[in-house]
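> Got a predicted model here, sequence first, then my questions.
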Amino acid sequence: MYLRVSLRRIGRTGYEFHTARSANHVRNIAISRPTPENRTQNFRALVKSLKAAAYAKNDIADTHASYKALVKARNNQSPNEDDTSSATLTPDDLITVIDSLGSSKRPANVSIISGIANDIPTVFGIQLTTGIHDALLRAFVRNGHIQATCNWLQTMSRKSGNLKPSRNQWHFFLENIENGTLTESFKYVRNIVKVHMPASGCKPNNETYKFLIRARCESLKSSHLHTIVFKPLVDDMKSDGLPYDSSVAALLHSCCAELCFPRQGVEIVQYYLASFPDTSFSAEQKEQQWNEWLSSIARVGGIKAALKFFRELEKDGCTASPSTLKAIIQHARSSKDITFLEHELNLPATASHWSILITNICRSGNMAAAIATYNDAKSAGVTIDAALVGPIIRVLCQSTFLPPTDQAIDQALAVYRELAETSPIQVENTGTQDGETSVRHSHGPDTQIYSTLLRALAVSPNTEHFSKAVGLLNDMQSRGISLEDSIVITSTIVLLMRNSRNLDQAFNFYRQLCGGLDAKGYAIVLNAFCKLSFNPRDHVPSLPRYFQIVSDMRHAGHKMTPEVYTILLRQLAIVGTRLQRPDSPLPLDILPRLVTAVRRVHDHITLDASISPDAHLLNQLMDTYQRLGCFGDACRVWEMMYLSGRFDHVGVSIILDACGHAGSWKVAKQVCLQLSRDNFLFNQHNWNTWIECLCRLGMLNEAVKIACLEMGKTQEDIAPDIDTARVLMSFARKSGQQLEVASRIERYLPGLWAKLPDDMRTK
């Protein structure tokens with residue numbers, strides 16, 4: 001039928017039609033030169049065609065055809081003919097042409113691109129510029145032609161313009177070898193640096209040798225590392241007259257450490273340092289380097305290996321210090337490690353050292369070990385501070401996937417109270433006549449800890465935590481910790497609103513604390529506020545109060561985004577969906593209020609000049625209308641989206657789904673015809689939604705035909721899947737046609753049939 005023919009057009013890419021039209025257009029230009037007088041005009045037309053094809057980037061074949069026709073026309077000109085039209089192409093145009101051809105990654109493109117480069121002076125009358133050279137190099141690299149890239153760099157100075165390759169151009173080449181775009185051996189890379197670069201007039205520098213160092217490390221990943229393999233590189237840097245570079249030394253060591261050979265890395269760095277005897281280092285620089293070495297050895301070989309190496313460094317003047325202990329402890333995993341190092345280095349571990357250890361253990365997820373280590377620190381006489389307990393509280397209160405358990409929250413609060421007790425609130429007399437006092441900022445719990453605890457209490461479903469949150473707020477005020485941190489304020493407002501007695505109290509809590517909210521905090525508060533429900537009739541969010549919060553957000557200087565409306569519409573859609581369920585406890589008389597609310601939100605969106613509704617917001621508006629049964633409103637939103645071009649695949653699925661539920665074949669057909677004329681391509685979800693729409697409209701036979709004969713035939717990434725079959729079989733069972741539909745799926749889609757679960761394959 002006609003609609004199915006239109007849908008076949010939706011499945012096409014439009015590539016063949018576009019290519020044929022463009023190729024014929026170019027051919028007509030090329031052959032329509034009956035007299036020499038018309039050749040200049042034809043040449044200009046071909047130049048225009050080439051520029052249009054390159055800038056459009058729709059089809060590389062257009063660029064190929066236009067370029068070949070242009071060269072042919074130029075070659076057919078006699079030496080006496082006017083060819084000034086060649087100047088209508090600028091260097092920027094040529095760069096676009098080269099980038100267009102280079103993006104296709106076709107093997108034949110390399111020869112074509114090289115041909116363009118050679119034709120530029122003769123055909124186009126333009127000297128090669130640095131920008132054109134860069135475009136050519138990009139094209140060669142994108143197509144994986146390493147030798148073409150290298151050859152071009154070596155011969156640049158002999159080409160039109162006589163430009164020598166810059167160091168940046170050579171580095172671009174080396175960088176793409178390093179990141180895997182181009183693949184070559186270390187020997188090849190070294191040959192580039194030592195032979196080809198100098199021969200082209202470009203001297204390597206320390207940055208160049210970094211590419212070589214990394215290439216050497218990459219070549220050694222599957223073999224044992226020996227210091228001798230790096231010494232020739234150091235010798236080369238020295239012979240090239242390069243100065244000492246601390247970043248080179250750091251790279252030599254880090255590369256070896258990543259390969260789990262930190263000791264060899266130290267030896268190589270020491271060899272590098274010895275090559276520059278005139279370079280002096282401050283005591284701080286030496287200590288920093290020693291600590292980096294100790295840390296890397298501890299990471300690979302363990303605490304004892306690091307301590308053994310420290311004994312060797314002592315001969316060079318290295319002495320034990322808190323920073324030494326910190327460097328080694330970075331990779332400690334138990335209290336025994338700290339005790340061992342304290343004894344060997346004759347240094348007491350501080351709270352800072354213990355906090356590093358506890359952080360390491362917390363990262364491993366072993367909370368029992370973290371608590372035990374915390375107790376060991378207290379037994380060792382370490383003064384408890386925020387850095388020590390912070391990691392434990394954060395892990396106990398983490399809520400990435402699920403809210404923390406009541407037990408975890410109670411344990412975190414117990415740790416917090418221990419910290420609070422060791423850092424009591426200090427109140428001092430200000431010396432005023434009336435004996436006023438002021439609170440000194442506490443060195444105990446900090447904003448981060450309060451924020452973590454309040455967030456955990458806010459996401460917990462246990463309403464008994466409300467009083468604990470109030471206690472934390474009182475403690476914060478007593479300690480002089482400001483509530484201006486947006487994270488703390490957001491968590492607190494959400495917690496207080498969820499535990500309020502009524503909507504008025506919830507809104508008052510917000511008004512008391514909203515002063516320090518940032519844009520993200522406002523979005524979270526809006527989301528929480530519109531979900532509040534204190535009785536069956538409160539399921540419809542209070543629009544006046546919601547938009548008062550939006551107004552506060554605007555007056556606070558935060559940029560209005562479509563999200564403030566999407567949040568509210570999403571909640572209205574959720575309530576509408578619940579209302580449609582047969583077992584819904586919601587009273588049916590709230591449906592008119594929901595519809596009125598959505599239309600008022602729609603009015604706000606229309607009148608709000610500070611935002612430009614995007615596809616996501618309009619999709620949500622359309623979806624909310626259709627979930628409330630307002631099919632006409634949903635259609636009007638779709639029509640506005642379509643006419644303004646602000647629609648996407650999600651919106652297409654929504655309107656087709658709405659047509660199916662509303663039983664509107666007329667609108668569904670119109671939507672598909674509109675999209676067909678635009679060559680819009682259905683994605684997988686669009687196809688499945690369209691098939692479900694047809695099923696809901698009583699057109700099961702047509703839906704099966706589309707699934708079996710049309711879906712995915714002209715789109716490589718589209719094919720009927722299990723969801724497609726599930727929709728068809730579901731509606732087939734309702735009409736008693738499951739045997740026929742199952743047989744057709746088995747016949748036309750045997751691959752899909754084999755993947756179906758047993759309950760769907762039962763005929």
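Okay, I see it. Given the structure is predicted, the values throughout are model-derived calculations rather than measurements.
> hey, let's count contacts and neighbours off CA atoms from now on
Noted.
> do you know how far residue 511 is from residue 316?
Using CA to CA, to the nearest Å, we find residue 511 at a distance of 64 Å from residue 316.
> who's more crowded, those two?
residue 511 (13 against 10; other CA atoms under 10 Å).
> who's in contact with the more buried one?
Neighbour list for residue 511: empty [criterion: CA atoms under 8 Å, 6 or more residues apart in numbering].
> Now the closest residue to residue 204 other than its chain neighbours: phi and psi?
Nearest residue to residue 204, sequence neighbours excluded (CA to CA, 6 or more residues apart in numbering): residue 193, at 6.6 Å. Main-chain dihedrals, residue 193, degrees, to the nearest 10: phi -70, psi -40.
> tally of neighbours for residue 193?
Around residue 193 there are 22 residues (other CA under 10 Å).
> hmm, who's touching stretch 656-671?
3, 626, 629, 631, 634, 655, 689-690, 692-697.
> what do you get if the cut-off is 6 Å, keeping everything else the same?
With contacts defined as CA atoms under 6 Å, 6 or more residues apart in numbering, stretch 656-671 is touched by 626, 693, 696-697.
> out of those residues, who's nearest residue 66?
Of all the contacts of stretch 656-671, residue 66 sits closest to residue 693, with 44.6 Å by CA to CA.
> What's the first helix or strand after whichever helix or strand the closest one is part of?
Residue 693 belongs to helix 684-696 when assigned by DSSP states H and E. Downstream of helix 684-696, the next assigned helix or strand under DSSP H and E is helix 700-705.
> List the buried residues of the next helix or strand after that next one.
Downstream of helix 700-705, the first helix or strand assigned by DSSP H and E is helix 722-734. Residues 724-729, 731-732 are the ones in helix 722-734 that count as buried (16 or more other CA atoms under 10 Å).
> Please compute how far helix 722-734 lies from its chain's middle.
36 Å (CA atoms, centre = their mean, to the nearest Å).
> now swap in stretch 467-477 and tell me
With CA atoms, centre = their mean, you get 37 Å for stretch 467-477.
> can you pull the pLDDT of residue 467?
Here, the pLDDT recorded for residue 467 equals 85.
> ok, now residue 312?
Here, the pLDDT recorded for residue 312 equals 83.
> For the helix or strand hosting it, enumerate the helices and strands it packs against.
Element membership for residue 312 (DSSP H and E) is helix 303-314. Contacts defined by 3 or more CA pairs under 6 Å, 6 or more residues apart in numbering; DSSP states H and E place helix 303-314 against helix 283-301.
> Redo the buried residues of helix 722-734 as JSON lines? Include pLDDT.
Formatted as JSON lines, the buried residues of helix 722-734 follow (pLDDT from 0 to 100):
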{"residue": "724", "pLDDT": "96"}
{"residue": "725", "pLDDT": "96"}
{"residue": "726", "pLDDT": "96"}
{"residue": "727", "pLDDT": "96"}
{"residue": "728", "pLDDT": "96"}
{"residue": "729", "pLDDT": "95"}
{"residue": "731", "pLDDT": "96"}
{"residue": "732", "pLDDT": "95"}
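> Those: which two are farthest apart?
By the measure CA to CA, 724 and 732 form the most distant pair in these, at 12.4 Å.
> Assign the closest residue to residue 345 other than its chain neighbours to helix, strand or coil.
Of all residues not flanking residue 345 in the chain, residue 320 sits nearest, at 6.2 Å (CA to CA, 6+ apart). Under DSSP: H, G, I helix; E, B strand; the rest coil, residue 320 falls in the coil class.
> Quick check on residue 320: phi, psi?
With angles defined as degrees, to the nearest 10, residue 320 sits at phi -70, psi 140.
> How many residues are close by it?
As a burial measure, residue 320 scores 15 neighbours (other CA under 10 Å).
> now residue 613
By the criterion of other CA under 10 Å, residue 613 has 20 neighbours.
> about what we covered before: quick one: pLDDT of the residue nearest to residue 204?
Confidence score, pLDDT, at residue 193: 92.
> Could you do residue 431 as well?
47.
> What of the one 3 residues further on?
In the prediction, the pLDDT value recorded for residue 434 is 44.
> just residue 368 next, same as before
At residue 368, pLDDT is 92.
> Name the next helix or strand following the helix or strand where it lies along the chain.
If you go by DSSP H and E, residue 368 is part of helix 367-379. Counting by DSSP H and E, the element after helix 367-379 in chain order, helix or strand, is helix 386-396.
> Would you mind writing the CA trace of that next one as PDB?
This file holds the C-alpha atoms of helix 386-396, laid out as PDB (Å, rounded to 0.1, in the frame of the first residue of the first chain):
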ATOM      1  CA  ALA A 386      38.400  15.500  60.200                       C
ATOM      2  CA  ALA A 387      40.900  14.100  57.800                       C
ATOM      3  CA  LEU A 388      41.100  10.900  59.800                       C
ATOM      4  CA  VAL A 389      37.400  10.200  60.100                       C
ATOM      5  CA  GLY A 390      36.300  11.800  56.800                       C
ATOM      6  CA  PRO A 391      37.000   8.800  54.600                       C
ATOM      7  CA  ILE A 392      35.100   6.400  56.900                       C
ATOM      8  CA  ILE A 393      32.100   8.700  57.100                       C
ATOM      9  CA  ARG A 394      32.100   9.100  53.300                       C
ATOM     10  CA  VAL A 395      32.200   5.400  52.600                       C
ATOM     11  CA  LEU A 396      29.500   4.600  55.200                       C
END
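> Got phi/psi on residue 556?
Backbone phi and psi, for residue 556 under degrees, to the nearest 10, turn out to be phi -80, psi 0.
> Also the one 5 residues further on?
Dihedral angles of residue 561 (phi, psi; degrees, to the nearest 10) stand at phi -130, psi 160.
> nearest spatial neighbour of it, skipping sequence neighbours?
That would be residue 611: by CA to CA, 6+ apart, it lies 6.0 Å from residue 561.
> so where does the one you found fall, helix or strand?
Taking DSSP H and E as the definition, residue 611 sits outside all helices and strands.
> Would you verify that residue 751 is located in a helix?
Yes - counting by three-state DSSP, residue 751 is part of a helix.
> who touches whichever strand or helix holds residue 466?
According to DSSP H and E, residue 466 maps onto helix 466-478. Applying CA under 6 Å, 6+ apart, helix 466-478 turns out to have no external contacts.
> pLDDT on stretch 167-176, on average?
The average pLDDT within stretch 167-176 is 92.
> from the middle of its chain, how far away would it be?
Distance, stretch centre to chain centre, for stretch 167-176: 27 Å (CA atoms, centre = their mean).
> what's the answer for stretch 198-208, then?
36 Å.
> now swap in stretch 245-252 and tell me
31 Å.
> Same question for stretch 543-561.
Computed by CA atoms, centre = their mean, the chain-centroid distance of stretch 543-561 equals 29 Å.
> List the contacts of that stretch.
Contacts of stretch 543-561 (CA under 6 Å, 6+ apart): residue 519.
> number of nearby residues for residue 492?
Residues lying near residue 492 (other CA under 10 Å) number 25.
> tell me the domain ranges of the protein?
Per the record, the chain has its domains at 560-680, 685-763, by automatic domain parsing.
> Just send those domains back as a markdown table, with distance to residue 499 too.
Listed next are the domains of the chain as a markdown table, based on distance: least, CA to CA, whole Å:
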| stretch | distance to residue 499 |
| --- | --- |
| domain 560-680 | 19 |
| domain 685-763 | 40 |
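> On the three-state scheme, residue 404 is what?
Here residue 404 is recorded as coil under three-state DSSP.
> Quick check: closest non-adjacent residue to it.
Leaving aside its chain neighbours, residue 404 sits nearest to residue 397 (5.6 Å; criterion: CA to CA, 6+ apart).
> so the one you found touches residue 456, yeah?
Yes - contact criterion CA atoms under 6 Å: residue 397 and residue 456 qualify, at 5.4 Å.
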